[in-house]
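In: Sequence first, predicted model second:
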Amino acid sequence: MFGPVLLAASRSDRMRRVVAAAPVTRPVVNRFVAGDALHPALDRVRALTTGGLDVTLDHLGEDVTDRATAHATRDAYLRLLETLREEKLGARAEVSVKLSAFGQALPDGGHDIALEGVRQVAELATSIGTTVTLDMEDHTTVDSTLAILRELRPAHPNTGAVLQSYLFRTEDDARALAVDGSRVRLVKGAYKEPASVAYQDRREVDKAYVRALRILFEGDGYPMVGSHDPRMIAIAQDLAARNHRAAGSYEFQMLYGIRTAEQRRLADEGERMRVYVPYGADWYGYFMRRLAERPANLAFFLRSFAPS
Ligand code: FDA
């Protein structure tokens, strides 16, 4: 019931100011965001990697509307990768990028600006032995994001993409991407999408997730199972066994702070488990999507306003 309202609020500047200014917001945000800046987040990253988990780091930001901020996003990722090199974390840490933070939606040449920015990030990632995954945003960006993936893959074949099972088009996209060397993170989808392009019923989204999962596991690519849903995880493990996939020829991914015991359990079972670790000051949109996914998170947030 609150999900659509929270997703609409996630793109409201007025709500952003209200939520960010509330003194009680920060402790709740800290449950989902690893730090306001890179260095505190790196402490969390080290704790995860020394515990046998892999990570993908997200420098928070999205919906950039000017070139200077788009370039600042690129520079933040270049600094992040230099730090991963210095800290010798390249084997366990990759990066996830939102192309809207690289200027994808800018009116004059946004697609090309985002492509050039992310190309520089992919070049540095390749040089330190790690990879970039292109997060997927709302449905209006999918064609541009997949076109950028196609531009990057000849020089950086390990560049990953995200597909969202709530979109009707995703089975076709999964078929096209289930090819040798291709890395695809399958998620259910976190944006507010119209009924003309996306399933609205959670059961339909789940069924579509299983169909796309099957395509990816039967194909030649590297499936990345981005879900906290125990049913999807069990089905993925079953598909891995049926398709004779060894551990390490696919992976599980979950978000920082969500189902951490399950993250540990899967890693202890010998599965490759990667945690998506967001950091940075621009946490508002990411945080609101996490509240929208789960009413209990909203209740936790609202309870933090109550006098103790
Ligand atoms: P579902 O929402 O059905 O949740 C299953 C169970 O997981 C819940 O019952 C609960 O136990 C737990 N859970 C789920 N969400 C929770 C939350 N917020 N807080 C606490 N518990 C929670 N989306 C997108 O559109 N583009 C993208 O690029 C990405 N990238 C991405 C990366 C990774 C690594 C993950 C795991 C997810 C994403 N997503 C995403 C988000 C994704 O689309 C989806 O919104 C969430 O993962 C929730 O869906 P689940 O599959 O977890 O199932």
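Out: Perfect, thanks for sending it.

In: Centroid-nearest residue for this protein?
Out: Asp135 (5.1 Å; C-alpha atoms, centre = their mean).

In: Setting aside sequence neighbours, what's the nearest residue to that residue?
Out: Lys98 (4.8 Å; C-beta to C-beta, 6 or more residues apart in numbering). C-beta here means a position set from N, CA and C on the backbone, and glycine is covered the same way.

In: show me the contacts for the one you found.
Out: 58, 61-62, 135, 137 (C-beta atoms under 8 Å, 6 or more residues apart in numbering).

In: ok, so of these, who is nearest Arg290?
Out: Asp58 (12.6 Å; C-beta to C-beta).

In: Give me the neighbour count for that closest one.
Out: Asp58 has 27 neighbours, counted by other C-beta atoms under 10 Å.

In: and it, what element?
Out: strand 54-59 (DSSP states H and E).

In: contact partners of that strand?
Out: 38, 41, 45, 48-49, 73, 76-77, 80, 84, 92-98, 101, 133, 135, 251, 253, 272-280, 286.

In: swap in stretch 86-97?
Out: 42, 45-46, 49, 53-59, 73, 77, 80-81, 84, 118, 121, 125, 128-135, 160, 274, 276.

In: Give me the buried entries from those residues.
Out: Using 16 or more other C-beta atoms under 10 Å as the burial test, the contacts of stretch 86-97 include 42, 45, 49, 53-59, 73, 77, 80-81, 84, 118, 121, 125, 128, 130-135, 160, 274, 276 as buried.

In: Which members of those additionally contact the ligand?
Out: Near the ligand, taking C-beta under 6 Å from any ligand atom as the test, the members of the buried ones among the contacts of stretch 86-97 found are 135, 276.

In: May I see the buried residues of the lowest-mean-pLDDT helix or strand in the chain?
Out: Among the helical and strand segments of the chain, the one scoring lowest on mean pLDDT, DSSP states H and E is helix 295-303, with a mean of 73. Across helix 295-303, burial judged by 16+ other C-beta under 10 Å covers 297-298, 301.

In: What of stretch 228-242?
Out: 228, 232-233, 235-237, 239-240.

In: ok, now stretch 167-181?
Out: Residues of stretch 167-181 classed as buried: 167, 170-171, 173-174, 177-178 (neighbour count, 16+ other C-beta under 10 Å).

In: Ok, stretch 180-195 next?
Out: 182-193.

In: Heading C-terminal from the longest helix along the chain, find the next helix or strand.
Out: Ordering each helix of the chain by length in residues (DSSP state H) puts helix 67-86 first. Counting by DSSP H and E, the next helix or strand C-terminal to helix 67-86 is strand 93-97.

In: mind listing what that following strand pairs with, with the direction of each?
Out: Its sheet considered, strand 93-97 pairs with strand 54-59 (parallel), strand 132-134 (parallel) by DSSP bridges.

In: The ones you listed into JSON lines, with extra columns for distance to Thr69?
Out: Listed next are the strands paired with strand 93-97 as JSON lines, based on distance: least, C-beta to C-beta, whole Å:
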{"stretch": "strand 54-59", "distance to Thr69": "12"}
{"stretch": "strand 132-134", "distance to Thr69": "19"}
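
In: Reformat those strands as TSV; add mean pLDDT and distance to Lys88.
Out: Below are those laid out as TSV (pLDDT from 0 to 100; distance: least, C-beta to C-beta, whole Å):
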stretch	mean pLDDT	distance to Lys88
strand 54-59	98	14
strand 132-134	98	19
